[in-house]
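> Sequence first, then the predicted structure:
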Amino acid sequence: MGDQQTLPADIIGRLFRREPDMLADPYSAYRELREAGPVIRVDGPPQGPPWLNAWHVFDWASASACLRNPRVSSQRQMAAMPLEHFGIDPATPAALFFWRMQAQTMLTMDAPDHTRLRGLSLKAFTPRVVEGMRGEIQSIVDSLLGGVNARGETTFDVMADLAGPLPTMVIARLLGIPADDWAQFKRWSDGLIGFNITQQKIDNFFQLGQFLARRIAERRREPRDDLISGLIAARDRDDALSEDELVGQCVILLVGGHETTTFALGNAIYRLLADVSRWDRLPETAIAPAIEELLRYDSPFQALSRRAAADLDLSGAPIAAGDTVWLWIAAANRDPAAFPDPDIIDLERRDNRHLSFGLGPHYCLGAALARLELQVAVATLRERWPSLRLQSDSVDWKRDGAIRGPSVLPVEAG
Ligand code: HEM
(Lines give C-alpha, C1' and ligand atoms only; values in the text may rest on other atoms or scores of the structure.)
Protein backbone atom coordinates (compact mmCIF):
# COMPACT_ATOMS: atom_id res chain seq x y z
CA MET A 1 0.00 0.00 0.00
CA GLY A 2 1.56 3.35 1.13
CA ASP A 3 3.14 5.42 -1.65
CA GLN A 4 2.54 2.81 -4.31
CA GLN A 5 -1.21 2.98 -3.67
CA THR A 6 -1.35 6.81 -3.55
CA LEU A 7 0.33 7.35 -6.88
CA PRO A 8 -2.02 5.32 -9.12
CA ALA A 9 -5.05 6.78 -7.30
CA ASP A 10 -3.76 10.27 -8.02
CA ILE A 11 -3.23 9.52 -11.72
CA ILE A 12 -6.66 7.91 -12.00
CA GLY A 13 -8.23 10.99 -10.38
CA ARG A 14 -6.49 13.21 -12.92
CA LEU A 15 -7.72 11.01 -15.78
CA PHE A 16 -11.31 11.29 -14.54
CA ARG A 17 -11.00 15.05 -14.06
CA ARG A 18 -9.83 15.20 -17.67
CA GLU A 19 -6.92 17.43 -16.87
CA PRO A 20 -5.46 18.92 -20.10
CA ASP A 21 -2.19 16.93 -20.14
CA MET A 22 -4.14 13.73 -19.48
CA LEU A 23 -6.46 14.48 -22.38
CA ALA A 24 -3.60 15.28 -24.73
CA ASP A 25 -1.79 12.05 -23.84
CA PRO A 26 -3.49 9.58 -21.50
CA TYR A 27 -1.35 6.76 -22.91
CA SER A 28 1.78 7.36 -20.83
CA ALA A 29 -0.42 7.25 -17.72
CA TYR A 30 -2.07 4.06 -18.94
CA ARG A 31 1.32 2.44 -19.44
CA GLU A 32 2.36 3.35 -15.91
CA LEU A 33 -0.91 2.11 -14.43
CA ARG A 34 -0.82 -1.14 -16.41
CA GLU A 35 2.68 -1.79 -15.17
CA ALA A 36 1.69 -0.89 -11.58
CA GLY A 37 -1.46 -3.08 -11.76
CA PRO A 38 -2.76 -4.13 -14.13
CA VAL A 39 -5.81 -4.21 -11.79
CA ILE A 40 -5.76 -1.42 -9.21
CA ARG A 41 -8.01 -0.78 -6.23
CA VAL A 42 -8.73 2.86 -5.30
CA ASP A 43 -10.32 3.55 -1.91
CA GLY A 44 -11.80 6.76 -0.51
CA PRO A 45 -14.74 8.22 1.41
CA PRO A 46 -18.00 6.38 0.59
CA GLN A 47 -19.69 9.43 -0.98
CA GLY A 48 -16.73 10.33 -3.19
CA PRO A 49 -16.53 10.69 -6.99
CA PRO A 50 -17.09 7.62 -9.18
CA TRP A 51 -13.47 6.53 -9.44
CA LEU A 52 -13.16 6.07 -5.68
CA ASN A 53 -14.01 2.79 -4.02
CA ALA A 54 -13.60 0.99 -7.29
CA TRP A 55 -11.33 -1.35 -9.19
CA HIS A 56 -9.56 -0.11 -12.31
CA VAL A 57 -8.42 -2.48 -15.04
CA PHE A 58 -5.71 -1.49 -17.54
CA ASP A 59 -4.69 -4.62 -19.45
CA TRP A 60 -6.33 -6.34 -22.40
CA ALA A 61 -6.63 -9.85 -20.91
CA SER A 62 -8.37 -8.75 -17.68
CA ALA A 63 -10.61 -6.19 -19.46
CA SER A 64 -11.68 -8.80 -22.04
CA ALA A 65 -12.30 -11.42 -19.34
CA CYS A 66 -14.46 -8.96 -17.41
CA LEU A 67 -16.51 -7.92 -20.45
CA ARG A 68 -17.28 -11.58 -21.15
CA ASN A 69 -17.99 -12.62 -17.58
CA PRO A 70 -21.74 -13.04 -16.88
CA ARG A 71 -21.03 -12.42 -13.19
CA VAL A 72 -19.99 -8.87 -14.05
CA SER A 73 -23.15 -6.81 -14.40
CA SER A 74 -24.08 -3.80 -16.51
CA GLN A 75 -27.40 -3.52 -14.71
CA ARG A 76 -26.17 -2.57 -11.32
CA GLN A 77 -23.78 0.20 -12.26
CA MET A 78 -26.15 3.15 -11.84
CA ALA A 79 -27.13 2.15 -8.34
CA ALA A 80 -23.66 3.30 -7.34
CA MET A 81 -24.44 6.84 -8.41
CA PRO A 82 -27.66 8.23 -6.88
CA LEU A 83 -28.65 11.65 -8.23
CA GLU A 84 -28.23 13.37 -4.84
CA HIS A 85 -24.56 12.54 -5.26
CA PHE A 86 -24.40 15.11 -8.05
CA GLY A 87 -26.48 17.74 -6.20
CA ILE A 88 -29.61 16.99 -8.24
CA ASP A 89 -33.14 16.92 -6.83
CA PRO A 90 -34.31 13.36 -7.63
CA ALA A 91 -38.04 14.25 -7.34
CA THR A 92 -38.50 16.50 -10.41
CA PRO A 93 -40.29 14.94 -13.44
CA ALA A 94 -37.07 15.18 -15.49
CA ALA A 95 -34.99 13.45 -12.79
CA LEU A 96 -37.61 10.73 -12.28
CA PHE A 97 -37.68 10.10 -16.03
CA PHE A 98 -33.88 10.00 -16.21
CA TRP A 99 -33.67 7.54 -13.34
CA ARG A 100 -36.41 5.31 -14.74
CA MET A 101 -34.77 5.24 -18.16
CA GLN A 102 -31.39 4.24 -16.75
CA ALA A 103 -32.85 0.84 -16.09
CA GLN A 104 -34.70 0.59 -19.41
CA THR A 105 -31.92 0.52 -21.99
CA MET A 106 -30.08 -2.55 -23.24
CA LEU A 107 -26.82 -0.92 -22.16
CA THR A 108 -27.91 -1.04 -18.52
CA MET A 109 -29.58 -4.46 -18.49
CA ASP A 110 -28.33 -8.00 -18.00
CA ALA A 111 -29.60 -11.26 -19.50
CA PRO A 112 -32.34 -12.33 -19.98
CA ASP A 113 -33.92 -8.83 -20.34
CA HIS A 114 -30.89 -7.55 -22.21
CA THR A 115 -31.00 -10.42 -24.71
CA ARG A 116 -34.69 -9.84 -25.43
CA LEU A 117 -34.29 -6.08 -25.89
CA ARG A 118 -31.14 -6.35 -28.01
CA GLY A 119 -32.78 -8.99 -30.18
CA LEU A 120 -35.54 -6.55 -31.15
CA SER A 121 -33.11 -4.08 -32.72
CA LEU A 122 -30.57 -6.58 -33.99
CA LYS A 123 -32.26 -7.00 -37.37
CA ALA A 124 -31.74 -3.32 -38.18
CA PHE A 125 -27.99 -3.58 -37.62
CA THR A 126 -26.83 -6.75 -39.35
CA PRO A 127 -23.87 -6.17 -41.71
CA ARG A 128 -26.12 -6.86 -44.72
CA VAL A 129 -28.80 -4.34 -43.72
CA VAL A 130 -26.12 -1.80 -42.83
CA GLU A 131 -24.35 -2.32 -46.16
CA GLY A 132 -27.68 -1.42 -47.78
CA MET A 133 -27.33 2.03 -46.20
CA ARG A 134 -24.07 2.78 -48.01
CA GLY A 135 -25.76 4.88 -50.72
CA GLU A 136 -27.66 6.89 -48.11
CA ILE A 137 -24.51 7.50 -46.04
CA GLN A 138 -22.56 8.48 -49.17
CA SER A 139 -25.22 11.02 -50.12
CA ILE A 140 -25.18 12.56 -46.61
CA VAL A 141 -21.37 12.81 -46.72
CA ASP A 142 -21.52 14.30 -50.25
CA SER A 143 -24.08 16.89 -49.19
CA LEU A 144 -22.07 17.89 -46.10
CA LEU A 145 -18.84 18.23 -48.07
CA GLY A 146 -20.76 19.93 -50.89
CA GLY A 147 -21.79 22.52 -48.30
CA VAL A 148 -18.12 23.17 -47.52
CA ASN A 149 -17.35 23.55 -51.24
CA ALA A 150 -20.25 25.92 -51.72
CA ARG A 151 -18.87 28.29 -49.08
CA GLY A 152 -15.80 28.67 -51.28
CA GLU A 153 -13.45 28.88 -48.29
CA THR A 154 -10.06 27.18 -48.22
CA THR A 155 -10.30 26.24 -44.55
CA PHE A 156 -12.98 24.37 -42.65
CA ASP A 157 -13.57 22.53 -39.37
CA VAL A 158 -13.85 18.76 -39.86
CA MET A 159 -15.81 18.46 -36.60
CA ALA A 160 -18.47 21.11 -37.32
CA ASP A 161 -18.78 20.41 -41.03
CA LEU A 162 -18.62 16.61 -41.19
CA ALA A 163 -17.93 14.56 -38.05
CA GLY A 164 -20.51 16.38 -35.89
CA PRO A 165 -23.60 16.25 -38.13
CA LEU A 166 -23.01 12.93 -40.00
CA PRO A 167 -23.86 10.37 -37.26
CA THR A 168 -27.00 12.21 -36.08
CA MET A 169 -28.25 12.51 -39.63
CA VAL A 170 -27.69 8.79 -40.19
CA ILE A 171 -29.47 7.75 -36.98
CA ALA A 172 -32.28 10.22 -37.56
CA ARG A 173 -32.87 8.71 -41.03
CA LEU A 174 -32.77 5.24 -39.52
CA LEU A 175 -35.35 6.15 -36.90
CA GLY A 176 -37.40 8.19 -39.37
CA ILE A 177 -36.93 11.62 -37.74
CA PRO A 178 -37.72 14.44 -40.20
CA ALA A 179 -34.80 16.56 -41.44
CA ASP A 180 -36.22 19.71 -39.77
CA ASP A 181 -35.66 18.15 -36.33
CA TRP A 182 -32.07 16.94 -36.79
CA ALA A 183 -30.31 19.97 -35.33
CA GLN A 184 -32.46 19.99 -32.17
CA PHE A 185 -32.13 16.23 -31.90
CA LYS A 186 -28.34 16.58 -31.93
CA ARG A 187 -28.28 19.42 -29.35
CA TRP A 188 -30.22 17.33 -26.82
CA SER A 189 -27.90 14.37 -27.17
CA ASP A 190 -24.62 16.36 -27.22
CA GLY A 191 -22.57 15.62 -24.11
CA LEU A 192 -24.99 13.04 -22.65
CA ILE A 193 -22.27 10.40 -22.28
CA GLY A 194 -20.15 11.39 -19.31
CA PHE A 195 -18.74 10.53 -15.93
CA ASN A 196 -20.81 13.26 -14.27
CA ILE A 197 -24.54 13.82 -14.19
CA THR A 198 -25.66 17.47 -14.40
CA GLN A 199 -29.06 19.18 -14.29
CA GLN A 200 -28.53 20.25 -17.91
CA LYS A 201 -28.03 16.63 -18.95
CA ILE A 202 -31.14 15.53 -17.07
CA ASP A 203 -33.20 18.27 -18.75
CA ASN A 204 -31.85 17.44 -22.23
CA PHE A 205 -32.49 13.75 -21.66
CA PHE A 206 -36.08 14.52 -20.61
CA GLN A 207 -36.72 16.71 -23.66
CA LEU A 208 -35.24 14.06 -25.96
CA GLY A 209 -37.40 11.37 -24.32
CA GLN A 210 -40.57 13.46 -24.74
CA PHE A 211 -39.70 14.24 -28.34
CA LEU A 212 -39.20 10.55 -29.10
CA ALA A 213 -42.40 9.59 -27.25
CA ARG A 214 -44.30 11.99 -29.57
CA ARG A 215 -42.67 10.44 -32.66
CA ILE A 216 -43.58 6.97 -31.35
CA ALA A 217 -47.21 8.05 -30.89
CA GLU A 218 -47.25 9.37 -34.49
CA ARG A 219 -45.84 6.11 -35.87
CA ARG A 220 -48.35 4.15 -33.88
CA ARG A 221 -51.13 6.04 -35.68
CA GLU A 222 -49.35 5.95 -39.03
CA PRO A 223 -46.62 3.28 -39.38
CA ARG A 224 -43.83 3.85 -41.92
CA ASP A 225 -40.81 1.97 -43.16
CA ASP A 226 -38.47 3.02 -40.34
CA LEU A 227 -36.95 1.61 -37.17
CA ILE A 228 -39.43 3.24 -34.79
CA SER A 229 -42.34 1.60 -36.65
CA GLY A 230 -40.43 -1.71 -36.63
CA LEU A 231 -39.93 -1.55 -32.87
CA ILE A 232 -43.60 -0.69 -32.31
CA ALA A 233 -44.63 -3.64 -34.47
CA ALA A 234 -42.34 -5.92 -32.46
CA ARG A 235 -43.87 -4.59 -29.27
CA ASP A 236 -47.46 -4.91 -30.41
CA ARG A 237 -46.91 -8.37 -31.87
CA ASP A 238 -45.10 -9.96 -28.98
CA ASP A 239 -45.95 -7.53 -26.21
CA ALA A 240 -42.21 -7.68 -25.76
CA LEU A 241 -41.34 -4.02 -25.36
CA SER A 242 -42.92 -1.74 -22.75
CA GLU A 243 -43.57 1.92 -23.65
CA ASP A 244 -40.61 2.98 -21.49
CA GLU A 245 -38.39 0.39 -23.13
CA LEU A 246 -39.46 1.67 -26.55
CA VAL A 247 -38.41 5.22 -25.68
CA GLY A 248 -35.25 3.94 -23.97
CA GLN A 249 -34.34 1.90 -27.05
CA CYS A 250 -34.59 4.95 -29.33
CA VAL A 251 -32.66 7.13 -26.88
CA ILE A 252 -29.85 4.60 -26.58
CA LEU A 253 -29.53 4.31 -30.36
CA LEU A 254 -29.14 8.05 -30.67
CA VAL A 255 -26.91 8.53 -27.65
CA GLY A 256 -24.81 5.42 -28.37
CA GLY A 257 -24.29 6.21 -32.02
CA HIS A 258 -23.84 9.94 -32.06
CA GLU A 259 -20.85 11.28 -30.12
CA THR A 260 -18.96 7.99 -30.33
CA THR A 261 -18.93 8.13 -34.13
CA THR A 262 -18.33 11.89 -34.23
CA PHE A 263 -15.18 11.64 -32.15
CA ALA A 264 -14.00 8.38 -33.73
CA LEU A 265 -14.09 10.21 -37.07
CA GLY A 266 -12.34 13.29 -35.62
CA ASN A 267 -9.63 11.10 -34.05
CA ALA A 268 -9.14 9.14 -37.28
CA ILE A 269 -8.77 12.20 -39.48
CA TYR A 270 -6.48 13.88 -36.95
CA ARG A 271 -4.13 10.86 -36.87
CA LEU A 272 -4.15 10.52 -40.66
CA LEU A 273 -3.22 14.18 -41.13
CA ALA A 274 -0.80 14.41 -38.21
CA ASP A 275 1.60 12.38 -40.36
CA VAL A 276 0.76 13.40 -43.92
CA SER A 277 2.47 10.34 -45.36
CA ARG A 278 -0.48 8.35 -43.96
CA TRP A 279 -2.93 10.67 -45.72
CA ASP A 280 -0.96 10.56 -48.95
CA ARG A 281 -0.79 6.74 -48.95
CA LEU A 282 -4.45 6.28 -48.06
CA PRO A 283 -5.71 5.42 -51.58
CA GLU A 284 -3.29 2.48 -51.71
CA THR A 285 -4.27 1.34 -48.20
CA ALA A 286 -7.18 -1.04 -47.61
CA ILE A 287 -9.71 1.19 -45.84
CA ALA A 288 -11.32 -1.38 -43.48
CA PRO A 289 -8.14 -2.43 -41.57
CA ALA A 290 -6.97 1.20 -41.57
CA ILE A 291 -10.16 2.30 -39.80
CA GLU A 292 -9.83 -0.57 -37.28
CA GLU A 293 -6.30 0.54 -36.45
CA LEU A 294 -7.35 4.16 -35.98
CA LEU A 295 -10.18 2.98 -33.70
CA ARG A 296 -7.68 0.93 -31.69
CA TYR A 297 -5.17 3.73 -31.44
CA ASP A 298 -7.68 6.28 -30.07
CA SER A 299 -10.78 4.73 -28.55
CA PRO A 300 -13.59 7.30 -28.20
CA PHE A 301 -14.72 5.57 -24.97
CA GLN A 302 -11.76 5.55 -22.62
CA ALA A 303 -13.42 3.44 -19.91
CA LEU A 304 -16.59 1.38 -19.36
CA SER A 305 -18.07 0.69 -15.95
CA ARG A 306 -19.47 -2.50 -14.47
CA ARG A 307 -20.47 -3.91 -11.08
CA ALA A 308 -19.53 -7.36 -9.84
CA ALA A 309 -22.64 -9.49 -9.28
CA ALA A 310 -20.61 -12.11 -7.37
CA ASP A 311 -17.17 -12.46 -5.83
CA LEU A 312 -14.54 -13.08 -8.48
CA ASP A 313 -10.82 -13.23 -9.01
CA LEU A 314 -9.58 -10.95 -11.78
CA SER A 315 -5.90 -11.48 -12.60
CA GLY A 316 -5.30 -12.05 -8.90
CA ALA A 317 -7.45 -9.11 -7.69
CA PRO A 318 -10.12 -10.22 -5.17
CA ILE A 319 -13.22 -8.43 -6.46
CA ALA A 320 -16.23 -8.67 -4.16
CA ALA A 321 -19.92 -8.78 -5.13
CA GLY A 322 -21.18 -5.18 -5.44
CA ASP A 323 -17.77 -3.67 -6.25
CA THR A 324 -17.56 -1.15 -9.09
CA VAL A 325 -15.09 -2.02 -11.83
CA TRP A 326 -13.79 0.46 -14.44
CA LEU A 327 -12.47 -1.15 -17.59
CA TRP A 328 -10.00 1.18 -19.29
CA ILE A 329 -10.48 -0.10 -22.83
CA ALA A 330 -8.33 2.70 -24.31
CA ALA A 331 -5.45 1.42 -22.14
CA ALA A 332 -6.15 -2.22 -23.06
CA ASN A 333 -5.91 -1.22 -26.74
CA ARG A 334 -2.27 -0.21 -26.15
CA ASP A 335 -1.34 -3.34 -24.19
CA PRO A 336 1.89 -4.78 -25.67
CA ALA A 337 0.79 -8.27 -24.61
CA ALA A 338 -2.11 -8.03 -27.10
CA PHE A 339 -0.73 -5.73 -29.82
CA PRO A 340 2.89 -5.75 -31.02
CA ASP A 341 4.30 -2.16 -31.02
CA PRO A 342 1.04 -0.83 -29.60
CA ASP A 343 2.07 2.84 -29.78
CA ILE A 344 2.73 2.69 -33.52
CA ILE A 345 -0.06 3.24 -36.02
CA ASP A 346 0.13 0.36 -38.48
CA LEU A 347 -2.70 0.86 -40.95
CA GLU A 348 -2.25 -2.70 -42.17
CA ARG A 349 -2.29 -4.29 -38.71
CA ARG A 350 -3.81 -7.77 -38.68
CA ASP A 351 -5.66 -9.62 -35.93
CA ASN A 352 -6.69 -6.28 -34.45
CA ARG A 353 -8.80 -7.33 -31.47
CA HIS A 354 -9.25 -3.84 -30.07
CA LEU A 355 -11.91 -3.17 -27.45
CA SER A 356 -13.16 0.18 -28.77
CA PHE A 357 -16.57 -1.40 -29.51
CA GLY A 358 -16.52 -3.38 -26.25
CA LEU A 359 -16.79 -7.18 -26.17
CA GLY A 360 -19.20 -9.88 -25.07
CA PRO A 361 -22.99 -9.50 -24.78
CA HIS A 362 -22.94 -5.67 -24.93
CA TYR A 363 -20.61 -5.52 -27.96
CA CYS A 364 -21.58 -2.36 -29.84
CA LEU A 365 -24.82 -2.96 -31.71
CA GLY A 366 -23.94 -0.20 -34.18
CA ALA A 367 -20.36 -1.33 -34.92
CA ALA A 368 -21.05 -2.23 -38.57
CA LEU A 369 -22.86 1.06 -39.10
CA ALA A 370 -20.10 3.07 -37.42
CA ARG A 371 -17.43 1.33 -39.51
CA LEU A 372 -19.32 2.08 -42.70
CA GLU A 373 -19.78 5.75 -41.77
CA LEU A 374 -16.08 6.08 -40.94
CA GLN A 375 -14.95 4.33 -44.11
CA VAL A 376 -17.21 6.37 -46.41
CA ALA A 377 -16.40 9.69 -44.71
CA VAL A 378 -12.61 9.20 -44.66
CA ALA A 379 -12.43 7.85 -48.24
CA THR A 380 -14.63 10.64 -49.61
CA LEU A 381 -12.69 13.35 -47.79
CA ARG A 382 -9.40 11.95 -49.15
CA GLU A 383 -10.82 11.77 -52.66
CA ARG A 384 -12.14 15.34 -52.59
CA TRP A 385 -9.11 16.94 -50.93
CA PRO A 386 -5.96 14.88 -51.55
CA SER A 387 -3.79 17.71 -50.21
CA LEU A 388 -5.82 18.35 -47.06
CA ARG A 389 -3.59 19.51 -44.17
CA LEU A 390 -4.05 20.28 -40.46
CA GLN A 391 -4.07 23.99 -39.71
CA SER A 392 -2.27 23.50 -36.44
CA ASP A 393 -0.39 20.68 -34.75
CA SER A 394 -1.97 21.32 -31.37
CA VAL A 395 -5.40 19.86 -30.66
CA ASP A 396 -8.18 21.29 -28.53
CA TRP A 397 -9.46 18.10 -26.86
CA LYS A 398 -13.11 17.96 -25.84
CA ARG A 399 -13.25 18.59 -22.07
CA ASP A 400 -16.78 17.49 -21.16
CA GLY A 401 -18.21 13.99 -21.22
CA ALA A 402 -16.48 10.64 -21.17
CA ILE A 403 -15.59 10.51 -24.85
CA ARG A 404 -12.13 11.56 -26.03
CA GLY A 405 -11.65 13.41 -29.31
CA PRO A 406 -10.93 16.83 -30.82
CA SER A 407 -13.55 19.52 -30.17
CA VAL A 408 -12.49 21.37 -33.32
CA LEU A 409 -10.25 20.19 -36.16
CA PRO A 410 -9.44 23.08 -38.51
CA VAL A 411 -7.96 21.98 -41.84
CA GLU A 412 -6.74 23.65 -45.03
CA ALA A 413 -8.39 22.28 -48.11
CA GLY A 414 -5.28 23.04 -50.23
C1 HEM B 1 -17.16 4.54 -33.61
C2 HEM B 1 -18.37 4.62 -33.07
C3 HEM B 1 -18.81 3.82 -31.90
C4 HEM B 1 -18.10 3.38 -30.82
C5 HEM B 1 -16.62 3.61 -30.54
C6 HEM B 1 -19.02 2.65 -29.96
C7 HEM B 1 -18.66 2.03 -28.78
C8 HEM B 1 -19.50 1.23 -28.04
C9 HEM B 1 -19.09 0.46 -26.87
C10 HEM B 1 -17.70 0.44 -26.27
C11 HEM B 1 -20.18 -0.22 -26.44
C12 HEM B 1 -20.23 -1.19 -25.25
C13 HEM B 1 -20.62 -0.50 -23.99
C14 HEM B 1 -20.56 -1.42 -22.79
O15 HEM B 1 -20.21 -2.58 -22.91
O16 HEM B 1 -20.87 -0.93 -21.68
C17 HEM B 1 -21.28 0.14 -27.29
C18 HEM B 1 -22.56 -0.33 -27.14
C19 HEM B 1 -23.63 0.11 -27.92
N20 HEM B 1 -23.56 0.88 -29.05
FE21 HEM B 1 -21.89 1.67 -29.87
N22 HEM B 1 -20.27 2.68 -30.53
C23 HEM B 1 -20.19 3.36 -31.71
C24 HEM B 1 -21.21 3.58 -32.62
C25 HEM B 1 -22.52 3.18 -32.45
C26 HEM B 1 -23.60 3.40 -33.38
C27 HEM B 1 -23.46 4.10 -34.74
C28 HEM B 1 -24.73 2.92 -32.80
C29 HEM B 1 -26.17 2.87 -33.30
C30 HEM B 1 -26.72 3.70 -34.10
C31 HEM B 1 -24.36 2.37 -31.52
C32 HEM B 1 -25.23 1.76 -30.64
C33 HEM B 1 -24.84 1.06 -29.53
C34 HEM B 1 -25.77 0.37 -28.67
C35 HEM B 1 -27.29 0.31 -28.84
C36 HEM B 1 -25.01 -0.24 -27.66
C37 HEM B 1 -25.52 -1.09 -26.52
C38 HEM B 1 -25.42 -2.54 -26.88
C39 HEM B 1 -25.79 -3.46 -25.74
O40 HEM B 1 -25.79 -3.03 -24.59
O41 HEM B 1 -26.10 -4.61 -26.03
N42 HEM B 1 -23.01 2.53 -31.34
N43 HEM B 1 -20.85 1.00 -28.28
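Yes, it's here.
> Can you name the residues of the chain sitting close to the ligand?
Selection of the chain residues close to the ligand by Cβ under 6 Å from any ligand atom yields 74, 106-107, 118, 171, 252-253, 256-257, 260-261, 264, 300-301, 304, 356-358, 362, 364-366, 369-370. Just so you know, the C-beta spots here come from the backbone N, C-alpha and C atoms, and that holds for glycine as well.
> Just the buried ones from those?
74, 106-107, 118, 171, 252-253, 256-257, 260-261, 264, 300-301, 304, 356-358, 362, 364-366, 369-370 (16 or more other Cβ atoms under 10 Å).
> so what's the closest residue to the ligand within the chain up against?
Nearest residue of the chain to the ligand, counting by Cβ to the nearest ligand atom: residue 366, 2.0 Å away. If you count contacts by Cβ atoms under 8 Å, 6 or more residues apart in numbering, residue 366 has them with 125, 253, 256, 257, 261.
> Next one, pLDDT for it please.
If you check residue 366, the pLDDT there is 95.
> Quick check: it vs residue 281, distance?
Between residue 366 and residue 281 the distance is 29 Å, computed by Cβ to Cβ, to the nearest Å.
> Next: residue 103.
Counting by Cβ to Cβ, the separation of residue 103 from residue 281 is 48 Å.
> Pretty sure residue 294 is one of the things residue 345 touches, is it not?
Yes. Between residue 345 and residue 294 there is a contact under Cβ atoms under 8 Å: 7.3 Å.
> And the two? Which one has more around it.
Remark: of residue 345 and residue 294, residue 294 carries more neighbours, 24 against 17, as counted by other Cβ atoms under 10 Å.
> Would you mind listing the residues in contact with the more buried one?
Contacts of residue 294 by Cβ under 8 Å, 6+ apart are 264, 267, 268, 271, 272, 345, 347, 374.
> Repeat the analysis, applying 10 Å as the threshold.
By Cβ atoms under 10 Å, 6 or more residues apart in numbering, the contact set of residue 294 is 264-265, 267-272, 278, 345, 347, 354, 356, 374, 378.
> Which pLDDT value belongs to it?
pLDDT recorded at residue 294 is 98.
> Help me confirm that it is found in a helix?
Yes. According to DSSP: H, G, I helix; E, B strand; the rest coil, residue 294 belongs to a helix.
> Neighbours of residue 71, how many?
Residues contacting residue 71 under the criterion other Cβ under 10 Å number 13.
> Pull the contacting residues for it.
Counting by Cβ under 10 Å, 6+ apart, residue 71 has contacts 110, 308, 309, 310, 311, 312, 319, 321.
> Just the buried subset of those, written out for PyMOL, thanks.
In PyMOL, this line selects whichever of the contacts of residue 71 come out buried by 16+ other Cβ under 10 Å:
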select buried, resi 110+308+309+312+319
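> between residue 345 and residue 294, what contacts are shared?
With Cβ under 10 Å, 6+ apart, residue 345 and residue 294 have common neighbours 271, 272, 278.
> Most neighbours among those, please name it.
Highest count within the shared contacts of residue 345 and residue 294 by other Cβ under 10 Å belongs to residue 272, 25 neighbours.
> For it, give me its contacts.
With Cβ under 10 Å, 6+ apart, residue 272 has these contacts: 278-282, 285, 290, 294, 345, 347, 378, 381-382, 388, 390.
> ok so, going back, state the distance from the residue of the chain closest to the ligand to residue 257.
The gap separating residue 366 from residue 257 is 5 Å, by Cβ to Cβ.
> Check residue 385 too.
26 Å.
> do the same with residue 213
Residue 213 is 19 Å from residue 257, by Cβ to Cβ.
> and if you look at residue 56?
Remark: distance between residue 56 and residue 257 (Cβ to Cβ) = 27 Å.
> what mean pLDDT does the lengthiest helix in the chain have?
Determined from DSSP state H, the single longest helix within the chain is helix 243-274. Mean pLDDT, helix 243-274: 91.
> mind listing the strands in the stretch 201-350 of the chain by residue range?
Under the criterion DSSP state E, counting those that start in this stretch, strands of the stretch 201-350 of the chain are mapped to 304-308, 312-314, 317-319, 324-327.
> most packed of the ones you listed?
Most buried of those, by mean neighbour count (mean count of other Cβ atoms under 10 Å): strand 324-327, with a mean of 25.
> Who are the packing partners of it?
For strand 324-327, the packing partners by 3 or more Cβ pairs under 10 Å, 6 or more residues apart in numbering; DSSP states H and E come out as helix 2-16, strand 39-42, strand 54-57, helix 60-68, strand 72-73, strand 304-308.
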